[in-house]
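Engineer: need a structure here:
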Amino acid sequence: MITRIKGIIEGGDIALLGPRVLELSISAVCDSSCLACWCHSPLLKDSFHETTKKRFLPLNKIEEFIGELLGLGLEEVQLSGAGEPLLHPHFWEIVEFLKDKGLKVHIITNFLSVKKKELYKFLELRVDSITISIWAGTPETYVSLHPNRCERDFSEISQKIRLLVEEREKSNLFYPKIKIYHVLTHLNADEIEEMLEHSLSVGADMLEFKAVDTIPGRTDFLSFTREDIKKIGLGIEKLKNRIDFPYPEAYDPYEAPHLQIFSDYSLRREIVDYGRYLKKAFLPREFTLILDKSNPTTAVNEYVKLHCPEGKGNHRSILKESPEQAFYFFYFREYCKDCKRVKKCFAGEEIKEVKLSYLSFMGGGRLERELESFSQHGNYGTEVVDKIPCYAGWLYLRIETDGSVIPCCKGHKFPVGNIFKKSFQEIWNGEKERKFRSMGKELVKSSPLFQLIGCRKGCDNIGMNVSFHAEVLKG
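Structural biologist: The predicted structure follows:
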């Protein structure tokens with residue numbers, strides 16, 4: 001960490017370490033047709049060449065490139081794609097290779113192609129996290145945004161997520177963490193609450209929303225109307241009011257310890273955690289949850305109570321944030337010895353433990369900022385991207401299926417090299433990447449380079465940038 005920050009602060013454009021996060025776009029092949037997709041939307045017609053749509057990043061090239069990065073500060077690999085990564089013919093081999101190298105693996109998927117009998121592999125291979133892109137809270141809306149799919153697909157995806165979560169719990173594992181990801185558009189702007197309900201019903205660990213990034217002349221009809229923005233704003237407020245803990249009247253999310261490094265509240269807003277929702281659907285049979293919020297100053301484990309089938313409250317509880325992400329409720333046999341269910345409940349043990357996990361609402365502040373910025377400026381990011389440097393050139397790299405190296409999530413118009421033509425070191429500290437790093441230190445992103453990339457229209461690396469800016473401020 002010190003070495004990485006030192007290289008930035010000292011003012012040069014040579015990176016002393018490699019990227020912290022490497023995104024591998026391993027597949028251009030896709031089995032869905034998301035209307036807002038920049039690659040496979042049926043509204044794009046011929047803009048994504050048929051040859052490109054059939055391409056995969058070769059396994060041997062992945063192994064070779066990762067070999068160059070090991071020992072240079074690489075921590076996480078994201079498997080994504082212009083298409084669906086699970087369709088790569090060597091997908092499981094890639095995951096196994098990365099995990100054997102001690103790397104975190106994050107998969108971004110539509111979860112359509114994975115079979116139920118394959119779900120155990122996510123646990124067996126120790127996958128760290130899975131982001132599942134759905135964009136809907138109901139089967140009908142899912143089909144409207146994925147016209148080549150059917151309502152049954154929505155149900156099957158939901159079943160597979162729940163099965164994976166249940167198997168993870170049975171195995172006493174905390175990973176992979178499951179995030180449901182929704183791109184909000186004109187067609188699903190009124191389904192915020194349904195999206196939360198769906199995420200809770202399948203047992204997801206995180207829920208995140210992102211405003212649609214349309215393609216001029218092709219997908220403009222998906223853009224928000226003023227009425228859509230009102231609907232989404234109302235939906236966010238409803239989600240805030242439904243938060244189970246921390247209790248909103250006793251907790252200001254903007255004053256959380258990890259945010260206090262920022263004096264600018266707009267930066268706090270980008271990574272604020274508004275609160276969590278308990279997965280009540282996963283409670284053991286006949287157990288009920290009681291949320292006593294009559295006293296806002298009460299400690300969270302005091303107002304979140306569990307009642308057993310006999311109506312008895314738990315004797316003790318503990319909240320464990322990470323990696324458990326759950327409440328643990330305890331009943332002591334000593335206090336239940338006269339209950340008719342004591343033998344069944346305790347099965348010879350002195351303590352009965354009941355675990356109840358929670359879901360985190362992520363990116364709510366950023367979504368509110370996107371909506372406000374869109375209303376005022378017609379884009380999602382002008383104000384915040386001009387307040388801090390861009391650190392993507394020090395932290396992140398993306399490889400496309402054709403070997404193109406992209407400096408940030410939206411940087412496909414400014415490739416800095418190709419792994420089929422140059423080594424990692426030649427690219428990472430090459431002329432174009434160094435230019436990207438150097439210009440990223442400028443606060444105002446008005447240069448032709450950043451206009452080409454579209455930073456002010458909407459930055460997909462903003463969360464990473466704000467989080468790392470906090471590390472830089474701390475030194």
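Engineer: and the contacts of stretch 306-319?
Structural biologist: 283, 285-290, 300-301, 304-305, 326-332, 335-336, 339-341, 345, 354, 356 (Cβ atoms under 8 Å, 6 or more residues apart in numbering). Placement of C-beta: from N, CA and C, glycine included.
Engineer: do the same with stretch 207-220
Structural biologist: Contacts of stretch 207-220 (Cβ under 8 Å, 6+ apart): 35-36, 38, 41, 43-44, 47, 131, 179-186, 192, 195-196, 199, 222-224, 359-364, 367, 370-371, 374, 380, 457-458.
Engineer: now swap in stretch 71-78 and tell me
Structural biologist: 3-4, 17-24, 66, 98, 103-108, 128.
Engineer: filter those down to just the ones in helices.
Structural biologist: 3-4, 66, 98 (DSSP state H).
Engineer: flag the least confident of those residues.
Structural biologist: Lowest in pLDDT among the ones in helices among the contacts of stretch 71-78 is residue 3, which has 70.
Engineer: can you give me the neighbour number for that residue?
Structural biologist: 9 (other Cβ atoms under 10 Å).
Engineer: weed out the non-buried ones from the contacts of stretch 71-78.
Structural biologist: Buried members of these, counted by 16 or more other Cβ atoms under 10 Å: 4, 17-24, 66, 98, 103-108, 128.
Engineer: flag every buried residue along the top helix by length along the chain.
Structural biologist: Across the chain, the longest stretch assigned as helix under DSSP H is helix 151-170. Buried positions in helix 151-170, judged by neighbour count with 16+ other Cβ under 10 Å: 153-154, 157-158, 160-162, 164-165, 168.
Engineer: model confidence for the closest residue to residue 447 other than its chain neighbours, exactly?
Structural biologist: Among residues not flanking residue 447 along the chain, residue 439 sits closest, at 5.8 Å (Cβ to Cβ, 6 or more residues apart in numbering). Predicted confidence (pLDDT) for residue 439: 92.
Engineer: what's the local residue count around residue 39?
Structural biologist: Neighbours of residue 39 (other Cβ under 10 Å): 16.
Engineer: that one looks like it's in a helix, true?
Structural biologist: No: assigned with DSSP: H, G, I helix; E, B strand; the rest coil, residue 39 falls outside any helix and is coil.
Engineer: where in the stretch 51-200 of the chain is pLDDT low?
Structural biologist: Scanning the stretch 51-200 of the chain for pLDDT under 70 picks out 51.
Engineer: now do 80
Structural biologist: Scanning the stretch 51-200 of the chain for pLDDT under 80 picks out the ranges 51-53.
Engineer: what segments of it are strands?
Structural biologist: Here the stretch 51-200 of the chain has its strands, by DSSP state E, counting those that start in this stretch, at 76-80, 104-109, 129-133, 177-184.
Engineer: make TSV out of those and add distance to residue 320.
Structural biologist: Shown next, in TSV, are those (distance: least, Cβ to Cβ, whole Å):
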stretch	distance to residue 320
strand 76-80	23
strand 104-109	20
strand 129-133	18
strand 177-184	14
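Engineer: between these, which one is closest to residue 404.
Structural biologist: strand 76-80 (14.2 Å; Cβ to Cβ).
Engineer: neighbouring strands - and their directions - for that closest one?
Structural biologist: strand 21-25 (parallel), strand 104-109 (parallel) (DSSP bridges).
Engineer: can you check what angle separates the last one from strand 129-133?
Structural biologist: Which is strand 104-109. Note on geometry: by axes from the mean of the first three to the mean of the last three Cα atoms, to 10 degrees, strand 104-109 and strand 129-133 are set 10 degrees apart in direction.
Engineer: repeat for the shortest one
Structural biologist: With the same axes, to 10 degrees as the criterion, the two stretches strand 21-25 and strand 129-133 enclose an angle of 50 degrees.
Engineer: what sits up against strand 21-25?
Structural biologist: Residues contacting strand 21-25 (Cβ under 8 Å, 6+ apart): 57, 62, 66, 69, 74-82, 94, 395-401, 409, 464.
Engineer: rerun at 7 Å
Structural biologist: Here strand 21-25 makes contact (Cβ atoms under 7 Å, 6 or more residues apart in numbering) with 57, 62, 69, 74-82, 395-401.
Engineer: stretch 334-341 too?
Structural biologist: By Cβ under 7 Å, 6+ apart, stretch 334-341 touches 309-310, 312, 315, 342, 345.
Engineer: greatest separation within those residues: which pair is it?
Structural biologist: The widest separation within the contacts of stretch 334-341 (Cβ to Cβ) is 15.7 Å, between 309 and 315.
Engineer: after the top strand by length along the chain, which helix or strand is next?
Structural biologist: Ordering each strand of the chain by length in residues (DSSP state E) puts strand 351-362 first. Past strand 351-362, further along toward the C-terminus, the next helix or strand under DSSP states H and E is helix 364-377.
Engineer: after that following helix comes which helix or strand?
Structural biologist: Downstream of helix 364-377 (by DSSP H and E), the next one is helix 382-385.
Engineer: what's next to the following helix or strand past that following helix, contact-wise?
Structural biologist: Downstream of helix 382-385, the first helix or strand assigned by DSSP H and E is helix 392-395. Helix 392-395 is contacted from outside by 4, 7-8, 15, 19-21, 407-408, 433, 436-437, 440, 461, 464-465, 468, using Cβ under 7 Å, 6+ apart.
Engineer: ok, the next helix or strand after helix 392-395: who's next to it in the sheet?
Structural biologist: Downstream of helix 392-395, the next assigned helix or strand under DSSP H and E is strand 396-399. Neighbouring strands of strand 396-399 in its sheet, by DSSP bridges, are strand 21-25 (parallel), strand 404-406 (antiparallel).
Engineer: name the residue most distant from the centre of the chain?
Structural biologist: residue 338 (47.2 Å; Cα atoms, centre = their mean).
Engineer: what about that one, which SS state?
Structural biologist: What three-state DSSP gives for residue 338 is coil.
Engineer: need phi/psi at it.
Structural biologist: phi -90, psi 0 (degrees, to the nearest 10).
Engineer: model confidence for it, exactly?
Structural biologist: Confidence at residue 338, expressed as pLDDT, is 91.
Engineer: ditto for the one 10 residues further on
Structural biologist: Among the per-residue scores, residue 348 holds a pLDDT of 88.
Engineer: likewise for residue 247?
Structural biologist: pLDDT at residue 247 comes out at 58.
Engineer: please report the distance of residue 429 from residue 417.
Structural biologist: Going from residue 429 to residue 417 by Cβ to Cβ, to the nearest Å gives 11 Å.
Engineer: ok, the two, which is more surrounded?
Structural biologist: Using other Cβ under 10 Å as the criterion, residue 429 and residue 417 rank with residue 417 on top: 23 against 15.
Engineer: quick check: bridge partners of that one?
Structural biologist: Beta-bridge partners of residue 417, as defined by DSSP bridges: residue 405.
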